[in-house]
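> next input, structure requested:
(chains A and B)
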Amino acid sequence: MEKLELRYRQVDSSLVKKLKQMPGGEAVGRCYQCGTCSASCVVNAMLENFNPRRVIRMAVLGMREVLESVEPWYCAVCYMCTERCPRNVKPVSVLMAVKNLSAIEGKVPQAFRNINENIARIGRLFEIDDFTNFMREDMGLPPIEPSDEEEVAKLISGTEFERVVKGEAENE
Amino acid sequence: MSEYLYFPGCNIPYRENQYELSARAVAERLGIVLKDANFICCGLNTEPIDEFASLLFSARNIAVAEEQELPLVALCNGCYKTLRVADRKLKKDEALRARVNEKLAEIGREYRGSTEVYHFLDVVSSVITEEHIVRRVELRVAPFTGCHSTRPSEYVDFGAEEKLMRLIRLAGAKVVRYTDMDKCCGAPLLALGEELGVSIARQRLLSMKARRAEAAVTMCPFCQVSLDTLQVKAEQEFGEEYGIPSMYITQLIGIALGLKPEEVGLGENKTKPERLIAGAVK
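Residues are numbered from 1 along each chain as shown, chains lettered A, B, ... in the order given. Next up, the predicted model:
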């Protein structure tokens, strides 16, 4: 992962407004950049280029690079920062809102797209095949019935999720 | 007798069936009835793409429990947190509930907010007493709660740490205190590449080893994959030996309740806890 740099190229003053309207992004303006989030972050401890404090700063400054970057997607969603944030910014939720905004623009890392393709089709992460059910039967467990694909299709129809995962939100 | 609708989630039936096996066996011993239903993803995976879709997935699953007038119980921390947060948000926010119900109506369901979401550890903890225990498993055990049984505390607040430690002590084991008990296991990052997940798992194992833990106990399939499956990988990759077999709390407590190792699926764990358990049972 490349390090995001603070460069005022594509400043978009509407970004922070949009973010505040997203569920989870409401409190982004309260951040005073103390860095408690990054200091609490297990991913940051392993990968210095993942820095939630910087992502939040860039978003507040209106730097659209955050929407293009894979960085917010490295959040493990462990909520340690959210517990410790002295301004109750809820960094996990802000990063979730940034990802949701990226998704609206069609910028979803392939790994996340792949994961959600099964979910859009069968409503589940993994398909439980006959072999797995046979193994479960052998263990004395009841079979996992196939999901109702028609129900899943209706449930997601017209949502942003459907548009993104089915590729209709792809830019260019 | 208490009845619950069992929520298996995506991971457990796919690759961690021993968790379900041991949970069902423990439930039976304790008189907890687990009913089955056709489930879909809890919503955890869709959240980064569309928070609203995540709520739809959660609400659909909760609505199924409501149809059967049962509380919903999850084994997976991720499922538990996602369903619990959605349930709390929808109970509080009428406008959001109306939006969700507009979509649920299209599949002939309704979220009414008439039930509760529980973690299986919480359910076991409320039922089990000394009297159920038939033998002791004398081991030094590192409890691992992971994240979503304890955070975000605004929504998730059933006291997972204390309850997990109490169950370990009830089983006759000694609780090892160490610094990483409620930290991220790293498994959620596996989608972005194995290296990061393995490195984080290694940190947790080193922290347990420093306090001379003989075994790790988990309560979530993600945490177990990290401490069990990835432990084997970390040993190969880093040329280190941790020697900390990892098992589910339902497996440990099951043994203390008198269940046989195969009845709790111990043979399915990659770190092979059978021998350790056999030597520790008193």
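> residue 53: how many residues sit nearby?
Using chain A. Residue A:53: 20 surrounding residues under other Cβ atoms under 10 Å in any protein chain shown. C-beta: built from backbone N, CA, C; applies to glycine.
> my question was about chain B
26.
> that one touches residue A:160, doesn't it?
Yes - with contacts counted by Cβ atoms under 8 Å, residue B:53 reaches residue A:160, the gap being 6.9 Å.
> got a list of what residue 115 touches?
Unless you meant another one, I'm taking chain A. Contacts for residue A:115 (Cβ atoms under 8 Å, 6 or more residues apart in numbering or on different chains) come out as A:125, B:45, B:191.
> not quite, go with chain B.
B:62, B:65-66, B:69-72, B:87.
> contacts only, for the closest residue to residue A:40 other than its chain neighbours.
Leaving aside its chain neighbours, residue A:40 sits nearest to residue A:80 (4.4 Å; criterion: Cβ to Cβ, 6 or more residues apart in numbering or on different chains). Residue A:80 sits next to A:40-42, B:147, B:151, B:183-184 when contact means Cβ under 8 Å, 6+ apart.
> just the buried residues of stretch B:231-241, please?
B:231, B:233-235 (16 or more other Cβ atoms under 10 Å in any protein chain shown).
> do stretch A:23-37 as well
Of the residues in stretch A:23-37, those buried (16+ other Cβ under 10 Å) are A:24-28, A:31, A:36-37.
> now swap in stretch A:77-93 and tell me
Buried residues in stretch A:77-93, counting neighbours by 16+ other Cβ under 10 Å, are found at A:77-83, A:85, A:89-93.
> helices along chain A, start to end?
A:14-21, A:36-40, A:42-46, A:52-61, A:65-68, A:80-84, A:91-104, A:110-122, A:130-139, A:149-156, A:160-165 (DSSP state H).
> do stretch B:35-45 and chain A meet at all?
Yes - applying Cβ under 8 Å from any Cβ of the partner chain, one finds stretch B:35-45 touching chain A at B:36, B:38-41, B:45.
> want to throw the buried residues of stretch B:231-241 into TSV with secondary structure, pLDDT and distance to chain A?
Output for the buried residues of stretch B:231-241, formatted as TSV (DSSP: H, G, I helix; E, B strand; the rest coil; pLDDT from 0 to 100; distance: Cβ to the nearest Cβ, whole Å):
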residue	secondary structure	pLDDT	distance to chain A
B:231	helix	97	17
B:233	helix	96	16
B:234	helix	97	13
B:235	helix	97	18
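> so does stretch B:190-205 get close to chain A?
Yes - using Cβ under 8 Å from any Cβ, we find that stretch B:190-205 touches chain A at B:191-192, B:196, B:199-200, B:203.
> which other residues reach that stretch?
Against stretch B:190-205 from outside (Cβ under 8 Å, 6+ apart): A:42-43, A:45-47, A:73-74, A:109, A:111-112, A:115, B:144, B:180, B:183-187, B:189, B:216, B:225-227, B:230-231, B:233-234, B:237-238, B:240, B:242, B:244.
> so how many other residues sit close to residue 95?
Chain wasn't specified; assuming chain A. Applying other Cβ under 10 Å, we find 26 residues neighbouring residue A:95.
> please refer instead to chain B.
Neighbour number of residue B:95 under other Cβ under 10 Å is 7.
> against which helices or strands is the helix or strand where it lies packed?
Here residue B:95, judged by DSSP states H and E, is contained in helix B:94-105. For helix B:94-105, the elements it packs on are helix B:51-67, helix B:77-92, judged by 3 or more Cβ pairs under 8 Å, 6 or more residues apart in numbering or on different chains; DSSP states H and E.
> do you know which of those helices lies nearest chain A?
helix B:51-67 (3.4 Å; Cβ to the nearest Cβ).
> let me know the closest of the buried residues of stretch A:23-37 to chain B.
So of the buried residues of stretch A:23-37, ranked by how close each gets to chain B (Cβ to the nearest Cβ), first place is residue A:24, at 6.6 Å.
> which residue sits closest to that closest one, ignoring its sequence neighbours?
The spatially closest residue to residue A:24, leaving aside those adjacent along the chain, is residue A:93, at 3.2 Å (Cβ to Cβ, 6+ apart).
> surely that neighbour touches residue A:25?
Yes - counting by Cβ under 8 Å, residue A:93 touches residue A:25, with 7.2 Å between them.
> any low-confidence regions in the chain?
Because you didn't say which chain, this covers chain A. A:5-10, A:168-172 (pLDDT under 70).
> that's the wrong chain, I wanted chain B
Ranges of chain B meeting pLDDT under 70: B:1.
> nearest residue to the middle of it?
Nearest to the mean C-alpha position of chain B, by Cα atoms, centre = their mean, lies residue B:220 at 2.8 Å.
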